[in-house]
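> I'll drop the sequence and a predicted model, then ask my questions.
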Amino acid sequence: MGPIPRFMKGTTAVAGAAIVAASAAATIFTVSGATSHDSTQAQLTAQALQPGARSGTGHRHAFRLPIRRALVAATAKETGVPIATIRKDLRAGETLDQIAGAKAAMVVNDVLGRVKARLEKELAAGKITKTQETSLLSKATTRIDRLMHAHTNA
């Protein structure tokens with residue numbers, strides 16, 4: 001990127017100051033309006049608005065990426081097909097279910113087992129409740145099923 005034209009230098013500084021002020025105001029508003037019930041949410045919001053923090057404007061399905069990566073890795077492990085080949089097949093329109101073939105159930109069980117183990121660890125540490133564990137496991141099962149049958153562009 002080249003140098004900033006002279007006529008835009010003052011505009012850039014004003015716009016930058018407005019962004020910083022809006023961010024600070026949002027942080028103060030969020031934290032000061034918090035009750036004990038939603039203090040955790042307020043803390044997370046305040047952390048997200050810190051300078052240098054990720055803005056959350058990324059891909060709207062980013063939460064699926066760790067599960068999708070785990071499914072691709074498990075498919076590679078169970079079938080012996082390299083990950084690069086699996087990605088190429090996904091780009092060509094195949095689903096993970098089709099690529100895994102008869103080993104699709106083993107792939108799903110492998111990933112679900114890892115999700116269950118992680119949730120049990122969080123439960124044992126007191127970070128989540130049993131109800132939350134059940135809910136998260138149900139959501140993960142649904143996501144895994146959708147991703148196994150989805151036509152994606154890896």
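Sure, I can see it.
> for the rest of this, base every contact and every neighbour count on C-alpha atoms.
Will do.
> residues contacting residue 127?
Residues counted as contacts of residue 127 (C-alpha atoms under 8 Å, 6 or more residues apart in numbering): none.
> repeat the analysis, applying 10 Å as the threshold.
119, 121, 133 (C-alpha atoms under 10 Å, 6 or more residues apart in numbering).
> now name the helix or strand holding residue 81.
Applying DSSP states H and E as the criterion places residue 81 outside every helix and strand.
> measure it to residue 72 for me?
10 Å (C-alpha to C-alpha, to the nearest Å).
> of those two, give the one with the bigger neighbour count.
residue 72 (25 against 14; other C-alpha atoms under 10 Å).
> give me the pLDDT for that one.
Looking at residue 72, its pLDDT stands at 95.
> and the helices in this protein?
Ranges of helices in the chain, per DSSP state H, are 6-32, 39-48, 65-79, 83-91, 96-100, 104-124, 130-149.
> worst average pLDDT in these?
helix 39-48 (a mean of 42).
> got TSV for the contacts of residue 127, with neighbour count and distance to residue 142 too?
Output for the contacts of residue 127, formatted as TSV (neighbours: other C-alpha atoms under 10 Å; distance: C-alpha to C-alpha, whole Å):
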residue	neighbour count	distance to residue 142
119	21	16
121	13	21
133	18	14
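> pick the one among these closest to residue 94.
residue 119 (30.5 Å; C-alpha to C-alpha).
> how about the nearest residue to that closest one, chain neighbours excluded?
Spatial nearest neighbour of residue 119, chain neighbours left out: residue 133 (6.1 Å); criterion: C-alpha to C-alpha, 6 or more residues apart in numbering.
> so what sits against both of residue 81 and residue 72?
Joint contacts of residue 81 and residue 72 (C-alpha under 10 Å, 6+ apart) are 99-100.
> okay, the contacts of residue 127 in JSON lines with distance to residue 141 next?
Below are those laid out as JSON lines (distance: C-alpha to C-alpha, whole Å):
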{"residue": "119", "distance to residue 141": "13"}
{"residue": "121", "distance to residue 141": "18"}
{"residue": "133", "distance to residue 141": "12"}
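> can you pull the domain assignment for this structure?
By the assignment in automatic domain parsing, the chain contains the domains 6-48, 62-149.
> burial measure for residue 145, as a count.
13.
> give me the nearest residue to it, chain neighbours excluded.
residue 108 (7.9 Å).
> same question, residue 147
residue 68 is the one closest to residue 147 (C-alpha to C-alpha, 6+ apart), at 6.8 Å.
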